[in-house]
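Q: Model the structure of this input:
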Amino acid sequence: MKKVILPIAIIAILSSCGETTEHETVNTTLINNPITASDVEVDEAEMPFFEFVEEIKEFGEITQGEVVSMTFRFRNVGKKDLIISSATGSCGCTVPEWPQEPIKPGAEGKIDVTFDSNGKQGMQNKTITLVANTIPNTKVIAIKGSVLVPTAE
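A: Numbering: from 1, shown residues only. From the prediction side, this is the model:
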């Protein structure tokens, strides 16, 4: 038994001793929402803020198995850098891609969303939840449409 435990322990120790690079660490102070701190007063007018061209996009009718992609364009209309820490689709069929770098005040950004209709049918309403350093710290955007099942000939 000792012959098995010792090599595993050595491997675990050696693998945990690697150097951490700048890209491997996340500075959570960048995405903490100061409104959650009870002893801190925050001027909401100074915070970053999303302004989307469209918050809901319709892809119309597609045939089951088709993949559609849509782009949600937005602007940071706040006074601080906008940082999106995550974007999550309401199911595995909806995959968002978001900017990893801060969006400066007045600058534009985009969220690309891909929807895979494989195995889906009927009306679809999929949401994407963004978590950012805004007040409130979440923003929900959505895609809608209908998936038609092909008929057998």
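Q: Find the least confident helix or strand in this structure, judged by mean pLDDT.
A: Ranked by mean pLDDT, DSSP states H and E, the weakest helix or strand in the chain is helix 2-15, scoring a mean of 53.
Q: For the residue nearest to the spatial centre of the chain, list the residues it contacts.
A: When C-alpha atoms, centre = their mean is applied to the chain, the residue found nearest the centroid is residue 87 (1.0 Å). Residue 87 makes contacts with 96-98, 111, 128-131, as judged by C-beta atoms under 8 Å, 6 or more residues apart in numbering. For glycine as for every other residue, the C-beta is placed from the backbone atoms N, C-alpha and C.
Q: so where is the protein shaky, pLDDT-wise?
A: For the chain, residues meeting the criterion pLDDT under 70 lie at 1-40, 153.
Q: Could you rerun that using 90?
A: For the chain, the stretches with pLDDT under 90 are 1-46, 150-153.
Q: can you give me the strands for it?
A: 50-52, 56-63, 67-76, 84-89, 94-97, 108-116, 122-132, 138-148 (DSSP state E).
Q: Who does the shortest one pair with, and is each partner parallel or antiparallel?
A: Pointing back at strand 50-52 there. Looking at strand 50-52 with DSSP bridges, its partner strands are strand 67-76 (antiparallel).
Q: buried set for the strand it pairs with?
A: 68, 70, 72, 74-76 (16 or more other C-beta atoms under 10 Å).
Q: One more: stretch 48-64?
A: 48-50, 57, 59, 62.
Q: Take those residues and write them to CSV, including distance to residue 91.
A: Shown next, in CSV, are the buried residues of stretch 48-64 (distance: C-beta to C-beta, whole Å):
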residue, distance to residue 91
48, 28
49, 28
50, 23
57, 17
59, 15
62, 16
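Q: if we can go back for a sec, residue 139: which of the buried residues of strand 67-76 is nearest?
A: residue 74 (8.8 Å; C-beta to C-beta).
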